[in-house]
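[1] I would like the atomic coordinates for the input below:
(4 chains)
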4 protein chains.
Amino acid sequence: MIFERIKSEGLAHLSYFIGSGNEAVVIDPRRDCEVYTDIARREGMRIKHILETHRNEDYVIGSKELQNLTGADIYHGPGLDFKYGNTLEDGQEIVFGSLKITALHTPGHTDESMSYALIDLDAGDEVIMVFTGDALFIGDVGRTDLYGPEEASRLAGNLYDSIFKKILSLGDEVILHPAHGAGSVCGGAISEREHSTLGLERHQNPALQKTDKNDFIRYKTQEKMEFPPYFKMMEKYNLEGPPLLHDLPVPELLSPGEFSEIMKDSAVVLDTRMPHSFGGAHIKDSFSIWLEGIPSFAGWVLPYDKKILLVTEEQEQLETAVRYLVRLGYDNIAGFLNGGIGAWYIDAQPVDGFNLISVHDLKDRLEKGETMFILDVRSDEEWEEGHIQDATHIYVGHLEENLDKIPGDCRIIVYCGTGRRSNIAASILKKHGFNRIYNVLGSMTAWKSAGYEVVE
Amino acid sequence: MIFERIKSEGLAHLSYFIGSGNEAVVIDPRRDCEVYTDIARREGMRIKHILETHRNEDYVIGSKELQNLTGADIYHGPGLDFKYGNTLEDGQEIVFGSLKITALHTPGHTDESMSYALIDLDAGDEVIMVFTGDALFIGDVGRTDLYGPEEASRLAGNLYDSIFKKILSLGDEVILHPAHGAGSVCGGAISEREHSTLGLERHQNPALQKTDKNDFIRYKTQEKMEFPPYFKMMEKYNLEGPPLLHDLPVPELLSPGEFSEIMKDSAVVLDTRMPHSFGGAHIKDSFSIWLEGIPSFAGWVLPYDKKILLVTEEQEQLETAVRYLVRLGYDNIAGFLNGGIGAWYIDAQPVDGFNLISVHDLKDRLEKGETMFILDVRSDEEWEEGHIQDATHIYVGHLEENLDKIPGDCRIIVYCGTGRRSNIAASILKKHGFNRIYNVLGSMTAWKSAGYEVVE
Amino acid sequence: MIFERIKSEGLAHLSYFIGSGNEAVVIDPRRDCEVYTDIARREGMRIKHILETHRNEDYVIGSKELQNLTGADIYHGPGLDFKYGNTLEDGQEIVFGSLKITALHTPGHTDESMSYALIDLDAGDEVIMVFTGDALFIGDVGRTDLYGPEEASRLAGNLYDSIFKKILSLGDEVILHPAHGAGSVCGGAISEREHSTLGLERHQNPALQKTDKNDFIRYKTQEKMEFPPYFKMMEKYNLEGPPLLHDLPVPELLSPGEFSEIMKDSAVVLDTRMPHSFGGAHIKDSFSIWLEGIPSFAGWVLPYDKKILLVTEEQEQLETAVRYLVRLGYDNIAGFLNGGIGAWYIDAQPVDGFNLISVHDLKDRLEKGETMFILDVRSDEEWEEGHIQDATHIYVGHLEENLDKIPGDCRIIVYCGTGRRSNIAASILKKHGFNRIYNVLGSMTAWKSAGYEVVE
Amino acid sequence: MIFERIKSEGLAHLSYFIGSGNEAVVIDPRRDCEVYTDIARREGMRIKHILETHRNEDYVIGSKELQNLTGADIYHGPGLDFKYGNTLEDGQEIVFGSLKITALHTPGHTDESMSYALIDLDAGDEVIMVFTGDALFIGDVGRTDLYGPEEASRLAGNLYDSIFKKILSLGDEVILHPAHGAGSVCGGAISEREHSTLGLERHQNPALQKTDKNDFIRYKTQEKMEFPPYFKMMEKYNLEGPPLLHDLPVPELLSPGEFSEIMKDSAVVLDTRMPHSFGGAHIKDSFSIWLEGIPSFAGWVLPYDKKILLVTEEQEQLETAVRYLVRLGYDNIAGFLNGGIGAWYIDAQPVDGFNLISVHDLKDRLEKGETMFILDVRSDEEWEEGHIQDATHIYVGHLEENLDKIPGDCRIIVYCGTGRRSNIAASILKKHGFNRIYNVLGSMTAWKSAGYEVVE
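    Below is the predicted model:
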């Protein structure tokens, strides 16, 4: 038996390659899917089946892409009108090599959510692993708010039944393989640890301590999570079948002059550098999202109907940026600034910048009583755990719709957890004409390291 | 938490890197240990502790090597007079980052054998993983015959207690991480599957079905396993601390003339090509062990007090051959034949060969009643499951001490499971002056594929 | 100025990437042309022009492929009705960055042959390099026999004029860059050395010592070179524009059973292993061409209208084999034997072999007066420089049309220079039912190393 | 014949590997010399001889290092008391494979400077290549000012004789291989082009147009070049034999706290990021030298007697930084900031920054008449070709000894060619307590791109 977990950084998405004999199954493939065919080739196997745990809302599913390369069958759960693939029923079995997968219908996160129980026929008929998609994570359970507040109770109840009646009853000894790890937008409290079993979750997962169904529903319906606007696009893509990618796009290298021309054609500039570098100098009106932040934040700010132009610190980072974007369905990447920001300013193109301020400097200014508008762009949860006195809270994802709350006439100090999300926020404010912006380097983490006061 | 399992192919040896915060622990490092420092560097961690599960008899332990690079502390189990490192007591704890390891004394395979239970302090105080060394494998348990037959019962009893009283009682939900996978000389029935839990083993592991202690002891003492001669050297090395390797040796590239000169100085030639290539043409008196067979078979035939000369199919395979040899303590690699066997025969150096015979051809000859000595060099277990009629059985590892049983005056047909071990045997026979040797391509596997008869 | 020479091994084909500022030119691109776009990307340049020195008969030109990726213009010499690209006139200039190329019409090898003189405008107006295609090599000049014997004198005369009047008059100091290095089928005496100037060639190139035009023509028309049958296909492809490849084909991994099925569909098996490995065991009726011999010999034996199946020693060699085949236009690669010859015989599929004989053994047998047919498959030139007594000479490329000259009733000893071409010959003989075949390991090189007699 | 030119970026140093048969020669090896043994291994060759063209003042010669790995002999020119290796005489010959090198004593750059003429014995007795060290470059000739002004005339005269009488007389057709390319501190006008011949230089090299010896001497003695202080150390090392490096140092990864502790121990911090990133945020008192600038500028500012601590943009750049430093003899690298500047400010460590100003903004301020001190840190030559009005000129290498010329009480605007050297200057000024510093992004190149006025 060959087993590989493929982790897509940033998305914190987990997909799985499971092979036996010369046949293999892939669960929840990502769109840039040569990773699976590479394993198959190395192991001398054929990918026969592609299993989806659910439609997914946070990334473009790669099933059709992988099918195009391998001819494998695609399987979904029941109840949604997918425009491709086959529908599984609860209890349906798939045998490959000396392994067997039993499909379990486990609704709750979505109505068509499936889990897959794996049995090693060579060893016995016990389930050895279960792939739970977004139903059960390590340290958390799936969101139940995707159909809106009016459906949340029903979904939470379904999820309770799916987990407590179907999944946990497989046995404490079963190894757990969810669709996401820590950092995903699909679960707020997923553990950094990547290995667990049903027994460990039964003991340790905070949500599974709500063993009473009503408690569980109450717990889930009180949960507040963000809903980035790109989810709608992902749902549409994954229901209808996304456009085929074939190869990863290789963006054109553009000179500053060419780049500037395409910008005029209402293209959007995405700059993937870190705050200290972006703050120093950047192209006017560019969005800042640091490289590893693209999977979580691009879907909040980038439109699907405009060309995207890229600026990275090093040319080597371009491929990663492109992978991250196509996983979210941003295929319209028009080009890349050859030579980076250095080439831009050497060409005397217009450069912008904003102030970077240390926590020590901020503390000084606060003590001196300087007039400043302090903006905290972290999540509701982080805000509630403590913030800087007199700060205003607007989550970075909602900033663009709340610009009327930002005063135009004074210094604006933006902070988040480490200074990266606040850099996104600063770039949004700049784009909208705010000028006296200061991003706090290290933000709340540095503020606390320095021992400065937080209020609740 | 960072968790990586490092698999050393051939040895089927498993070692583990576990990190949290900026501290890490390595369990049972191998000797070519840059793999651990590479992970540490990538993760920005320091290796603080090196834990050994037991002395090990099948490879050179890399603890001192890794300590030399990192300054980490080494820990062993109690009861053996190690010349380096520290001794742990049962129950002793090691905390690093937000993880805790509890040392468990689990004798049976050896007296000083330890297991290590890992607790994720962030998640709770339950054990999440256990590292069992050679006590408990997936699908098998450790050998108890290493101290000789007179000690086997005592060790089997100890192992019973260690597994049933200490390890299994940690809970069904605990993830199992042993020191070996399938193919190791340390366990005959280890599963090809690489993922399990204590609960799965409790249900599926054949040895663990012997829940009665006496049954278990009887089962273990009836087990027959081979004891390759190099084990003695490994035990000595691992007790006293092996010589430091620093870097992987880079063998000198030798011309055929230079190679030939060193051969005269009583060096041993190891040819790592596959049977079809070795059979076609090879250097007279060279040993054949296919590349991936080195970890299991070099220790049966290669001496520690002679220089080793290497012949490989491709120069790219040299590094793998060297890694495999140094893991067994063969550091005295004098050089490598530049250009391989082709360079040798182009230089008009003396070439040997032997006949390769298909199972179909063998079947024909048998039916015609040709006089042949048929030699089966597989293990006792394989032999007992069925063999070719009229064959004689001598395990490849014991061939050199049983040459008197081989007739000198007729065709010798050698076979094993697939033709690779029989190629080792053929090369040994050639070295000892036997000449009319035929290696059976595909051997028993092909014989059965062809539907020919096996007898028991 | 960026200058890179791209050498395609086997073909001994040289192509060139020359860039300045952000523009680049490629001369004589090969078909698997991502190598050029990789350089362009690394250097931040755009490929603007593709220059062909001539139609080429020994490989598929990659101009259309590269144009498809880059949009660059293609340029040919005058006088042939190319179905794509533009025609240059003698003296026409192309400027890119601070470089200038002047096109020189230099017929002789073919009528439309061009050379390209490069000038570095930053340094002066002197020519610094000249790209001579197949007109002038290091140590040799181009063939003039491609249009048949009746045209050879005319072409030789043209070549004389092109070299002596146009090329050499550029100046001794000009660096020479031809389209081929040693080993090409386009020139028999090309130097192993890869660096030269017009002055060095004027002094050292044997052909250029024929300074009298009539001497030169006589010298060239006496030259005997082989004309592999695939040249016709290459000429057709390169005139009309070969089919687009897009990506390098990735052959399907086939199990022995699947492989065997496709074989029945009149596919051709190409085995790329070395003689000692092929001789040991191979698939019946497979062609043997060692990996690095594919560019020179596949075109003699492989048909264009059948599927090709591949067997290699290591899976890693598959990509090289595929590159070599598509450069010759063999796009119809049906698959690859998963696990190589070992998987084949383990599956009890029918295996063939033939005898490998050392030069010492051959010498013994000759001295004992054994009846043998000795076949020398080297080139005419090699044969004339000396051979084994009583051997018969048939060039490997002409063996299939001369099978009537091979006796069916005795041992056939085949040799070449080192035993690799004779292995091709041995595989051809096997395919045609000859059975008592011996390939001489190391062949003439080993024979001479051993000090055995050669006759002329 | 195998020929490889090894280019060490930054230093613009060229070394050469030349092999024939199974023997090879290396000319002017660099200190991190595994590049040569890798080629030797790939080609199946032994490095037998190491030839130095001269002592070298701009980098640590790798001869002893390479000798330590290979056992090769080292050869120098006559007249200097080297503490290792052998002394060659003019005309001495070295034969390896079918190649011959003739040593030519060509003083002028230094007294012991040698050139090496290569002959391909297979092709004839003409010289095919010449390795001229720092005597003759492509587009320039060697410096003659290293022994001080009083010796410059004598050296220039010697150089004239060496080039015109010895080197050029080898013939126009000889390929030229110098020890440096464009960007070296050893020649100001070396061409960007990397391929030339003696004939091309005779026609195109500006210095070689001074065919009258007195003109040539006058031309050379008027030349003004910088003499970085580290030259003294290199001369000492290369005369006595530098310490052996063995492996490239792998700097310790340090947490901000650990880094900060070592800083207190009077270590020097070198930050290799680009100006826009360094300007945004950096560790107080760190030196800024962008990665590719280390070879040219580290020797001006870094001391040899203090520990060096590194900050890079990406961890992947660490190896390059270390290579560059050890080539200059900076072996005392104490560690590397794990996580880069981001980790530093997240830990609330003290951060510094300075202003980055665009040329447009500078132009505005100048037009408004703002009081500013404008500092041009380019070379004398660049300054003389035109500068910004009212600027003061101090070469970046001499800034630390001219701090008294910088006013402490006003804005300081620093510029160079593109903003990278001015960033070094800005970091030096910061270290010395100047505070209102502005680095001009894109500097003179951007200024000219924008069409703003320069004065002479």
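
[2] What is the neighbour count of the closest residue to chain C within the stretch 251-400 of chain A?
    Minimum separation of the stretch 251-400 of chain A from chain C (Cβ to the nearest Cβ) falls at A:Asn338, amounting to 4.5 Å. Where you see a C-beta, it was placed from the backbone N, CA and C, and this is true even at glycine. Counted by other Cβ atoms under 10 Å in any protein chain shown, the residues lying close to A:Asn338 total 21.

[3] Over to A:Ala117?
    Residues lying near A:Ala117 (other Cβ under 10 Å) number 21.

[4] Next, see if the host helix or strand of it gets close to chain B.
    If you go by DSSP states H and E, A:Ala117 is part of strand A:114-120. Yes: using Cβ under 8 Å from any Cβ of the partner chain, strand A:114-120 reaches chain B at A:Asp120.

[5] ok, now stretch A:202-216?
    Yes: contact between stretch A:202-216 and chain B is present through A:Arg202, A:His203, A:Gln204 (criterion: Cβ under 8 Å from any Cβ).

[6] quick one, phi psi at the residue of chain A most remote from its centre?
    For chain A, the C-alpha farthest from the mean C-alpha position belongs to A:Lys368; by Cα atoms, centre = their mean, that distance is 40.6 Å. Backbone geometry at A:Lys368, expressed as degrees, to the nearest 10, gives phi -80, psi -10.

[7] Check A:Pro249 too.
    Backbone geometry at A:Pro249, expressed as degrees, to the nearest 10, gives phi -60, psi 140.

[8] My guess is it contacts A:Asp331. True?
    Yes: here A:Pro249 reaches A:Asp331: they are 6.7 Å apart, a contact under Cβ atoms under 8 Å.

[9] What's the local residue count around A:Ser288?
    31.

[10] Same check on A:Gly257?
    Counted by other Cβ under 10 Å, the residues lying close to A:Gly257 total 9.

[11] Wait, it touches A:Asp347, no?
    Yes: in this structure, A:Gly257 sits in contact with A:Asp347. The criterion is Cβ under 8 Å, and the distance is 7.1 Å.

[12] Between the two ends of stretch A:159-173, how far is it?
    The straight-line separation of the ends of stretch A:159-173 (Cα to Cα, to the nearest Å) is 21 Å.

[13] From the rest of the structure, what touches that stretch?
    The set of residues that contact stretch A:159-173 without belonging to it, under Cβ atoms under 8 Å, 6 or more residues apart in numbering or on different chains, is A:104-109, A:113, A:115, A:117, A:126-127, A:130, A:132, A:135-136, A:141-142, A:144, A:197-199, A:201-202, A:208, A:211, A:213, A:216-217, A:220, B:171-173, B:197-200, B:202-203.

[14] how far does that stretch sit from the chain's center?
    Computed by Cα atoms, centre = their mean, to the nearest Å, the separation of stretch A:159-173 from the middle of its chain amounts to 26 Å.

[15] Now that stretch: buried residues?
    When neighbours are counted by 16 or more other Cβ atoms under 10 Å in any protein chain shown, the buried residues of stretch A:159-173 are found to be A:Leu159, A:Tyr160, A:Ser162, A:Ile163, A:Phe164, A:Lys166, A:Ile167, A:Leu168, A:Leu170, A:Gly171, A:Asp172, A:Glu173.

[16] that older thread, and the residue of the stretch 251-400 of chain A closest to chain C, how far from chain D?
    According to Cβ to the nearest Cβ, to the nearest Å, A:Asn338 and chain D sit 15 Å apart.

[17] you'd agree that residue is up against A:Gly257?
    No: in this structure A:Asn338 lies outside contact range of A:Gly257 using Cβ under 8 Å: 10.6 Å.

[18] got the residues of stretch A:202-216 next to chain B as a markdown table, with pLDDT and distance to chain D columns?
    What follows is the residues of stretch A:202-216 next to chain B, written out as a markdown table (pLDDT from 0 to 100; distance: Cβ to the nearest Cβ, whole Å):
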| residue | pLDDT | distance to chain D |
| --- | --- | --- |
| A:Arg202 | 98 | 36 |
| A:His203 | 97 | 34 |
| A:Gln204 | 97 | 29 |
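
[19] Quick check: of these, which has the highest neighbour count?
    Using other Cβ under 10 Å as the neighbour criterion, A:Gln204 leads the residues of stretch A:202-216 next to chain B with 22 neighbours.

[20] residue ranges with poor pLDDT in chain A?
    Chain A contains no residues with pLDDT under 70.

[21] Name the residues of it found near chain D, please.
    A:273-281, A:313-314, A:316, A:341-342, A:345-348, A:350-351, A:353, A:356, A:358-360, A:418-419, A:441-442, A:445-447, A:449-450.

[22] In helices, which of those residues fall?
    In helices, judged by DSSP state H, the following of the residues of chain A next to chain D are found: A:275-280, A:341-342, A:345-346, A:359-360, A:445-447, A:449.

[23] which residues sit in contact with the closest residue to chain C within the stretch 51-200 of chain A?
    Using Cβ to the nearest Cβ, the point where the stretch 51-200 of chain A gets nearest to chain C is A:Leu69, with a distance of 9.4 Å. For A:Leu69, the residues meeting the contact criterion (Cβ under 8 Å, 6+ apart) are A:Cys33, A:Glu34, A:Thr37.

[24] how about the first one, what does it touch?
    Put plainly, it is A:Cys33. Taking Cβ under 8 Å, 6+ apart as the definition of contact, the neighbours of A:Cys33 are A:Gly62, A:Glu65, A:Leu66, A:Leu69.

[25] could you redo the last one with a cut-off of 6 Å?
    The neighbourhood of A:Cys33, defined by Cβ atoms under 6 Å, 6 or more residues apart in numbering or on different chains, consists of A:Gly62, A:Glu65, A:Leu66.

[26] I'd guess A:Arg193 is in a strand, am I close?
    No: assessed with DSSP: H, G, I helix; E, B strand; the rest coil, A:Arg193 is coil; it does not lie in a strand.

[27] Next, the contact list for the residue in the stretch 201-350 of chain A that chain D sits nearest to, please.
    The nearest approach of the stretch 201-350 of chain A to chain D comes at A:Gly280, 3.4 Å away (Cβ to the nearest Cβ). For A:Gly280, the set of contacting residues under the criterion of Cβ under 6 Å, 6+ apart consists of D:His276, D:Ser277, D:Gly279, D:Gly280, D:Leu356.

[28] quick one: the third one and D:Leu356 touch, right?
    If I follow you right, that is D:Gly279. Yes: here D:Gly279 reaches D:Leu356: they are 4.4 Å apart, a contact under Cβ atoms under 6 Å.

[29] Appreciated, that's everything.
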